[in-house]
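[1] the following block contains a protein sequence and its predicted model.
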Amino acid sequence: MEQTFATNLTRARLLRGLSMEELASMANCSKQAISHYESGLRRPDSSMQLSIADALEKDIDYFYNDANVAFNLHNVNYREGMLLSPAQRSKVEELASARLNDYLELERIAKELVAFQNPLEDIIINNTFEAEKAAKQLRKKWKLGEEPIYNISGFLEKKGIRILKIDFGFHYSHEGLSGWAEEKRVPVIILNARQQDLARVRFTILHELGHLLLEIQESLDMDDIERICDAFAGAVLLPAEILEQEFGKNRTAISMPELRRIKEIYGISIKAIMVRARVTKLITYESYQKWLTADYPDAAYGQYNGTEEPQKFLQMLYRCLSEKKIGFDKAAKLSGWDEAEFRQIYKQQVEF
């Protein structure tokens, strides 16, 4: 019982972005007391439990329930027009919830549970033009400048967005999904584990980031919402100012070598570059349509050679192992591997 209370207390405090000292001040107790409660050495009396619950805006029952986290998908209609069946949606949510439980437990053990803050909070988006402005504001607030983002998944993980790769267990062509856990305190992006073009993966991550960050006008239909998230993703990947610097103004056409170079530097697909050129009016709509009829297969021209593999979970896992905060049995359980299989993988990493 003490450990359940300790686990939930630690999680609730970290998700609120509070230090032990800050919580102690709010609950009118000492930092040492909070440390003892979170380590399971002591359990607060009923009066202190109420003070802590009030400070963390939780019911008392929260601290005694199993520490399982419920994940809910967000915006489940997609740009391909495909829908998940109720059974498939339930399966994805169950898989994500199970993975998230392990992820958040490891964060608690490693003391790396990052409180997420939305840099675009309270900005209502009505159209793609406003999505473009939001992308520019995001780059400014996160101090990204106008340079290429070389590892989007790694950067977002540092900001408190959990990125999971999941094998859905059924054929589904969509690249990613997104959702929330812990009363909209934990944002989650799910990547389809199937093999994909890396430039497309980067666009998908930022498209789903748009779903998570943008407060989109409720009256808009799903097609409009998807266009807004696409515009946001494209503008984050390739700001209009960079596009103009690279291509100049009033182009009647853009050559494939130019497009290939931008793809390889900025990690954005050639089609997405051309869409950006049309949206920012570097080329006319007629020029864009003419380019579309040429039917250039994106994968045949240029490759982005960066990485977009989520790394935070494994980094925490190996660090907790090396610091002996967990053993191989616990590490294997958290990672979803058989212990013997995990030991072999770890051994190969050490030998390499």
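    Yes, it's here.
[2] okay, now the unreliable bits of the chain?
    1-2, 15, 66-84, 168-174, 295, 297-300, 350-352 (pLDDT under 70).
[3] what about 50?
    Residue ranges of the chain with pLDDT under 50: 75-81.
[4] roughly how far does the closest residue to Gly154 other than its chain neighbours sit from Asn151?
    Nearest-residue entry for Gly154: Gln311, 5.8 Å, with adjacent residues in sequence omitted and distances by C-beta to C-beta, 6 or more residues apart in numbering. From N, CA and C alone the C-beta is placed, and that goes for glycine too. For Gln311, the distance to Asn151 equals 8 Å [C-beta to C-beta, to the nearest Å].
[5] what lies in contact with stretch 335-352?
    99, 102, 313-314, 317-318, 321, 328-329, 331-332 (C-beta atoms under 8 Å, 6 or more residues apart in numbering).
[6] list the buried residues of it.
    Residues of stretch 335-352 classed as buried by neighbour count (16 or more other C-beta atoms under 10 Å): 335, 342, 346.
[7] and what of stretch 27-35?
    Result for stretch 27-35 [16+ other C-beta under 10 Å]: buried residues 27, 29, 33-34.
[8] so which of those comes closest to Val275?
    Comparing the buried residues of stretch 27-35 against Val275 with C-beta to C-beta places Ile34 closest, at 51.2 Å.
[9] doesn't the closest one fall inside a strand?
    No: using DSSP: H, G, I helix; E, B strand; the rest coil, the assignment for Ile34 is helix, not a strand.
[10] from memory it sits against Ala24, does it?
    Yes: taking contacts as C-beta atoms under 8 Å, Ile34 lies within contact range of Ala24: 4.9 Å.
[11] quick revisit: surely the residue nearest to Gly154 and Glu157 touch.
    Yes: at 7.2 Å, Gln311 and Glu157 qualify as touching, with contact defined as C-beta under 8 Å.
[12] neighbour count: those two, which is higher?
    Glu157 (19 against 14; other C-beta atoms under 10 Å).
[13] what's in contact with stretch 19-36?
    13, 18, 38, 42, 44, 48, 51-52, 54-56.
[14] of these, buried ones?
    13, 18, 38, 42, 44, 48, 51-52, 55-56.
[15] dump the buried residues of stretch 27-35 into a markdown table; add distance to Leu213 as well.
    Below are those laid out as a markdown table (distance: C-beta to C-beta, whole Å):
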| residue | distance to Leu213 |
| --- | --- |
| Ala27 | 32 |
| Cys29 | 36 |
| Ala33 | 37 |
| Ile34 | 32 |
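[16] those residues: which two are farthest apart?
    The widest separation within the buried residues of stretch 27-35 (C-beta to C-beta) is 8.5 Å, between Ala27 and Ala33.
[17] checking my notes, Leu164 in a strand, right?
    Yes: assessed with three-state DSSP, Leu164 lies in a strand.
[18] so what pairs up with it in the strands?
    With DSSP bridges as the criterion, Leu164 is bridged to Ile190.
[19] what are the buried residues along stretch 176-193?
    176-182, 185-192.
[20] and those residues, which two are furthest apart?
    Among the buried residues of stretch 176-193, Arg185 and Asn192 lie farthest apart (C-beta to C-beta), at 24.8 Å.
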